[in-house]
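Asker: Sequence and predicted model, in that order:
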Amino acid sequence: LEVRARKKNPRVKDRVTSVIKLIETQRFFINVAKAPETTRCLEQQAYTDKGEPDKSSGTDHAMDGMGYRIYYSFPIVKPVTKVAISFAQKTRDDYNR
């Protein structure tokens, strides 16, 4: 048994976004014959008013397990942008005005 895990759990939104992104880009498929429970959970997953998965329906366990595994292999990478900032410097002529 080999356990693969990050030091801390991802945010729920990041985990859900990872799963949705893979399904939308057709890089992740579910074999409905071999994974009927996961298929049922995907079809019946409900969300709360706050946009979080509803834990009271009982369909979240397979989704959680799948989400952690997908996020581990395909994490959401937020874009990083560099912005060059320069400050105008006063010259002697500016002080003499």
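Answerer: Structure's in. What do you need? Because the structure is a prediction, the values reported are computed rather than measured.
Asker: For Val12, give its distance to Pro53.
Answerer: 7 Å (C-beta to C-beta, to the nearest Å). To be clear about C-beta, it is placed using only N, CA and C from the backbone, and glycine gets the same treatment.
Asker: In terms of neighbours, single out the busier of these two.
Answerer: In this view Val12 and Pro53 are compared by other C-beta atoms under 10 Å, and Pro53 has more residues nearby, 19 against 13.
Asker: Nearest spatial neighbour of that one, chain-adjacent residues omitted?
Answerer: Asp60 (5.3 Å; C-beta to C-beta, 6 or more residues apart in numbering).
Asker: From what I see, that neighbour and Cys41 are in contact.
Answerer: Yes. Counting by C-beta atoms under 8 Å, Asp60 does reach Cys41; the two are 7.2 Å apart.
Asker: tell me the SS of the residue nearest to the spatial centre of the chain?
Answerer: The residue lying closest to the centre of the chain (C-alpha atoms, centre = their mean) is Asp14, at 2.2 Å. Secondary structure, DSSP: H, G, I helix; E, B strand; the rest coil: Asp14 is helix.
Asker: That one reaches Tyr72, doesn't it?
Answerer: No. If you go by C-beta under 8 Å, Asp14 and Tyr72 don't touch, sitting 11.6 Å apart.
Asker: what helix or strand is the nearest residue to the residue nearest to the centre of the chain once chain neighbours are set aside on?
Answerer: Using C-beta to C-beta, 6+ apart and skipping the chain neighbours, the partner closest in space to Asp14 is Ile76 (4.8 Å). According to DSSP states H and E, Ile76 maps onto no helix or strand at all.
Asker: Much appreciated, bye for now.
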